[in-house]
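> Here is my input, please return the structure:
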Amino acid sequence: QVQLQESGPGLVKPSQTLSLTCTVSGGSIRTNYYAWSWIRQPPGKGLEWMGDILYNGNTYYSPFLESRTSISRDTSLNQFSLHLSSVTPEDTAVYYCARFYYDYESYDYWGQGTQVTVSS
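Numbering: from 1, shown residues only. Prediction:
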């Protein structure tokens, strides 16, 4: 059973960088056919895809966030991380990590989500 767990600070000040880590167990982030995603949900709004890091380390970002977003990984720890710079209160959201399975063309595993609030 694959499990994903987000971790990181719950409160970030405006203009700072938000950094979250997703720890994956039960499966390797280097396994073919999977992408590892960051997705967020602001209060009262729908889910927003932020970006992916693929099994081969390639990254893809939402064009709306690309200038502020970076996704990296540590294969030795089976973790991948999100860095979102120059945050504003509009970046307040529940942040999820998830696994996208190409064969199913859908997300098959999700973390429980972590609330991040941007406030001074």
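> From now on I want contacts and neighbour counts done on CA atoms only, so please keep to that.
Fine.
> Trp36: neighbour count?
Trp36 is surrounded by 28 other residues when neighbours are defined as other CA atoms under 10 Å.
> That one contacts Asp52, correct?
Yes - assessed by CA atoms under 8 Å, Trp36 is found in contact with Asp52 at 5.3 Å.
> Please, where are all the strands along the chain?
Counting by DSSP state E, one finds strands in the chain at the ranges 3-7, 11-12, 18-25, 34-41, 48-54, 59-61, 69-74, 79-84, 93-101, 106-110, 114-118.
> mind putting the ones you listed in JSON lines, mean pLDDT included?
What follows is the strands of the chain, written out as JSON lines (pLDDT from 0 to 100):
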{"stretch": "strand 3-7", "mean pLDDT": "98"}
{"stretch": "strand 11-12", "mean pLDDT": "98"}
{"stretch": "strand 18-25", "mean pLDDT": "98"}
{"stretch": "strand 34-41", "mean pLDDT": "97"}
{"stretch": "strand 48-54", "mean pLDDT": "97"}
{"stretch": "strand 59-61", "mean pLDDT": "97"}
{"stretch": "strand 69-74", "mean pLDDT": "98"}
{"stretch": "strand 79-84", "mean pLDDT": "98"}
{"stretch": "strand 93-101", "mean pLDDT": "97"}
{"stretch": "strand 106-110", "mean pLDDT": "96"}
{"stretch": "strand 114-118", "mean pLDDT": "98"}
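> Relative to Val94, how far out is the spatially most central residue of the chain?
Nearest to the mean C-alpha position of the chain, by CA atoms, centre = their mean, lies Trp38 at 2.4 Å. Counting by CA to CA, to the nearest Å, the separation of Trp38 from Val94 is 11 Å.
> Tell me which residues touch Lys13, please.
Applying CA atoms under 8 Å, 6 or more residues apart in numbering to Lys13 gives the contacts 87-88, 118-120.
> so which of those residues comes closest to Gln112?
Val118 (19.7 Å; CA to CA).
> From Tyr102, how far out is the closest one?
Val118 sits 33 Å away from Tyr102, taking CA to CA as the criterion.
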